[in-house]
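*Asks:* Only the shape, not the letters, is given here:
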């Protein structure tokens with residue numbers, strides 16, 4: 001049986017299972033009690049079941065959980081911790097975009113685009129205030145890479161890197177900076193042409209950024225493909241100082257649940273963002289492996305892990321390729337409704353709020 005056929009069969013099976021669960025909600029429905037002051041209207045199950053119906057309190061606990069989560073998913077505020085600024089953006093249009101999608105906080109990674117440096121952030125910081133999650137490191141290390149090569153990004157003694165550390169210390173002290181990202185120890189097969197490389201996850205530069213982040217309770221958002229040596233180096237880095245947080249950009253890119261669960265077991269300071277692991281953003285090699293959820297719902301092993309470790313996952317879009325509203329919608333329709341209400345809130349914003357000290 002070829003790969004495409006197997007994938008189609010799996011997708012159909014998952015869709016049928018999810019439809020059956022949604023149907024149980026519709027069959028057992030009674031009147032829904034308001035979840036709180038902000039959630040009191042009747043709920044549309046279109047995004048889950050594929051046909052409209054009013055959601056009401058149900059006798060089956062799983063069905064009630066689903067109905068409540070569908071309601072909450074549509075309205076909960078979101079923290080997008082993998083949001084790149086780009087040259088077409090302006091402070092005014094970004095604020096409008098975030099407001100329209102009820103995204104309360106955004107950022108966590110650097111600007112992208114030719115010639116864009118960290119100074120590009122300032123207008124957005126002025127416009128969004130504490131809603132913008134300010135990070136350093138991505139543009140600065142990109143300059144080092146493109147001008148001096150991959151090995152130079154491991155050298156903590158270059159003038160460019162020393163200047164980055166000095167700037168970061170100043171911004172941490174003033175409360176402007178939250179962390180470093182997106183850093184690229186290993187994006188050798190998951191980057192645009194000419195941008196992929198692989199360096200040591202625990203290189204002197206990464207250690208210096210990590211230790212500075214630990215000093216101020218900051219984070220490192222790291223793009224790491226799950227090669228064995230890269231993960232072994234991550235073990236070393238994460239064990240240096242527990243006060244720093246490592247956020248695995250794209251939840252380890254193509255890492256599976258066993259790998260992520262093992263990292264969580266060993267390191268209480270490692271977390272995942274879910275960017276680039278679902279449509280419409282997910283694309284490219286290993287798409288079937290990388291996809292955590294799609295229009296048919298959440299893969300069972302990922303659903304179980306998120307529910308078992310609800311404090312470790314956060315939303316990220318990385319939607320520079322795609323329509324931002326569609327990217328946010330995919331989380332609201334295809335991931336959040338299938339989580340318990342408590343887990344849903346944590347993934348949507350509470351984890352980011354706690355880890356990044358967001359107000």
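*Replies:* Done, it's in. This one's a predicted model, so the numbers in the text were calculated from it and none came from an experiment.
*Asks:* residues in contact with the nearest residue to residue 247 once chain neighbours are set aside?
*Replies:* Distance criterion Cβ to Cβ, 6 or more residues apart in numbering; nearest residue to residue 247, sequence neighbours excluded, is residue 221 at 4.4 Å. Heads up, the C-betas are built off the backbone N, CA and C, glycines and all. Residues near residue 221 by Cβ atoms under 8 Å, 6 or more residues apart in numbering: 81-82, 108-109, 135, 179-183, 247, 249, 273.
*Asks:* got it, and residue 240?
*Replies:* Residues near residue 240 by Cβ under 8 Å, 6+ apart: 207, 210, 211, 214.
*Asks:* Among these, which one has the most neighbours?
*Replies:* residue 210 (25 neighbours; other Cβ atoms under 10 Å).
*Asks:* where does the stretch 1-150 of the chain dip in pLDDT?
*Replies:* Counting by pLDDT under 70, the stretch 1-150 of the chain has low-confidence residues at 1-63, 115.
*Asks:* hang on, the earlier thing: including distance to residue 171 and secondary structure, could the contacts of residue 240 go into a markdown table?
*Replies:* Formatted as a markdown table, the contacts of residue 240 follow (distance: Cβ to Cβ, whole Å; DSSP: H, G, I helix; E, B strand; the rest coil):
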| residue | distance to residue 171 | secondary structure |
| --- | --- | --- |
| 207 | 20 | helix |
| 210 | 16 | helix |
| 211 | 16 | helix |
| 214 | 16 | helix |
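*Asks:* Closest one of those residues to residue 139?
*Replies:* residue 210 (18.9 Å; Cβ to Cβ).
*Asks:* now that closest one: how far from residue 107?
*Replies:* In this view, residue 210 and residue 107 are 20 Å apart by Cβ to Cβ, to the nearest Å.
*Asks:* Can you list the low-confidence ranges for the stretch 251-359 of the chain?
*Replies:* Judged by pLDDT under 70, no stretch of the stretch 251-359 of the chain qualifies at all.
*Asks:* my read: residue 131 touches residue 104, true?
*Replies:* Yes: using Cβ atoms under 8 Å, residue 131 is in contact with residue 104, at 6.4 Å.
*Asks:* thinking again about what came up before, got a markdown table for the contacts of residue 240, with pLDDT and distance to residue 254 too?
*Replies:* Conversion of those to a markdown table gives the following (pLDDT from 0 to 100; distance: Cβ to Cβ, whole Å):
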| residue | pLDDT | distance to residue 254 |
| --- | --- | --- |
| 207 | 98 | 25 |
| 210 | 98 | 24 |
| 211 | 98 | 29 |
| 214 | 97 | 28 |
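*Asks:* what about residue 161, which helix or strand?
*Replies:* helix 159-174 (DSSP states H and E).
*Asks:* does residue 127 sit in a helix or strand, and which one?
*Replies:* Applying DSSP H and E, one finds residue 127 within helix 122-128.
*Asks:* quick one: contacts of that helix?
*Replies:* 85, 89, 90, 91, 92, 94, 95, 98, 106, 132, 134, 176.
*Asks:* Highest neighbour count among those?
*Replies:* Of the contacts of helix 122-128, with other Cβ under 10 Å as the count, residue 106 tops at 27 neighbours.
*Asks:* Which elements pack onto the helix or strand following the helix holding residue 127?
*Replies:* Using DSSP H and E, the next helix or strand after helix 122-128 towards the C-terminus is strand 132-133. Judged by 3 or more Cβ pairs under 8 Å, 6 or more residues apart in numbering; DSSP states H and E, strand 132-133 is in contact with strand 78-83, strand 103-108.
*Asks:* partners of strand 132-133 in the sheet?
*Replies:* strand 103-108 (parallel) (DSSP bridges).
*Asks:* contacting residues around the strand it pairs with?
*Replies:* By Cβ under 8 Å, 6+ apart, strand 103-108 touches 77-83, 85, 94, 97-98, 128, 130-135, 178-179, 181, 219, 221, 247, 273, 316, 328, 349, 352-353, 356, 358.
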